[in-house]
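Novice: Task: produce atomic coordinates for the following.
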Amino acid sequence: MKKKRAVFLDRDGTINEDVGYPNQFSQINIFPYSFEAVRKINKAGLLAVILTNQSGVGRGFITEEELQVIHQKIEAAFAKHKAYFDGIYYCPHYPLSSLSLYRKDCSCRKPDTGLAFQAASELNVNLESSYMIGDKVEDMLFGENIKASPILVLTGFGQKSLSELGQRGVQPAFVAQNLLEAVNWILKREKVDLTVFERQ
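Specialist: Here you go, the predicted structure:
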């Protein structure tokens, strides 16, 4: 079976505002252009997959059940705009957690690669021909670690991350103002006819 290509998406600061450790959907402010961005990924035949560090679980700010409810409601909000995610993967761990279940030095917290390999296994993804979009240096390092093309967005912590790239020794394939610009760059690189989307 031919492997698929994915656009891996960070959540906080990339798809929605980064407000710290939200524990309910009402605290999630999705960037308006994110719906169009994910819809374009869908129409281009690429997988749209969220990979997100959620140490708020390990820190005790939110339970996994509450986090899953938030993700279900995020998916529902996107579905109203005919935009869909092929998977949502998260790391709940925090090395200093008072909760033994989440107190570990794991392999799934970005920039470690565990989430990507889980997604690749379950969704049949070719990581090396995929993309990683995020607002943090860790997202860029993660993209490099899985040999995908990392794209930095300047929303969230993006401006701060941009100033740190050199000292951290990481070079994104592209720097975009936001998620939609990042996706448009991917579609141009993949030679997808953008006018098709404009006519729909």
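Novice: Point out where this structure drops to low pLDDT.
Specialist: Within the chain, the segments meeting pLDDT under 70 span 194-200.
Novice: Go through it and flag its longest strand.
Specialist: strand 47-53 (DSSP state E).
Novice: Tell me which other helices or strands that strand touches.
Specialist: Packing partners of strand 47-53 (3 or more Cβ pairs under 8 Å, 6 or more residues apart in numbering; DSSP states H and E): strand 6-9, helix 34-43, strand 87-91, helix 114-123. Yep, even glycine has a C-beta here, placed from its N, CA and C like the rest.
Novice: With distance to residue 178 and mean neighbour count as extra columns, can I get the ones you listed in CSV?
Specialist: Shown next, in CSV, are the helices and strands packed on strand 47-53 (distance: least, Cβ to Cβ, whole Å; neighbours: other Cβ atoms under 10 Å):
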stretch, distance to residue 178, mean neighbour count
strand 6-9, 12, 28
helix 34-43, 8, 21
strand 87-91, 20, 19
helix 114-123, 23, 18
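Novice: Make TSV out of these and add distance to residue 52.
Specialist: Output for the helices and strands packed on strand 47-53, formatted as TSV (distance: least, Cβ to Cβ, whole Å):
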stretch	distance to residue 52
strand 6-9	8
helix 34-43	14
strand 87-91	5
helix 114-123	8
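Novice: right, and those - which one's nearest residue 59?
Specialist: Between residue 59 and the helices and strands packed on strand 47-53, the shortest gap by Cβ to Cβ is with strand 87-91, which sits at 12.4 Å.
Novice: so where does residue 140 fall, helix or strand?
Specialist: Residue 140 belongs to helix 137-145 when elements are defined using DSSP states H and E.
Novice: just checking, what packs against that helix?
Specialist: With 3+ Cβ pairs under 8 Å, 6+ apart as the test, helix 137-145 has strand 131-134, strand 149-153, helix 158-168 packed against it.
Novice: If anything else comes up later, I'll come back, but that's it for now.
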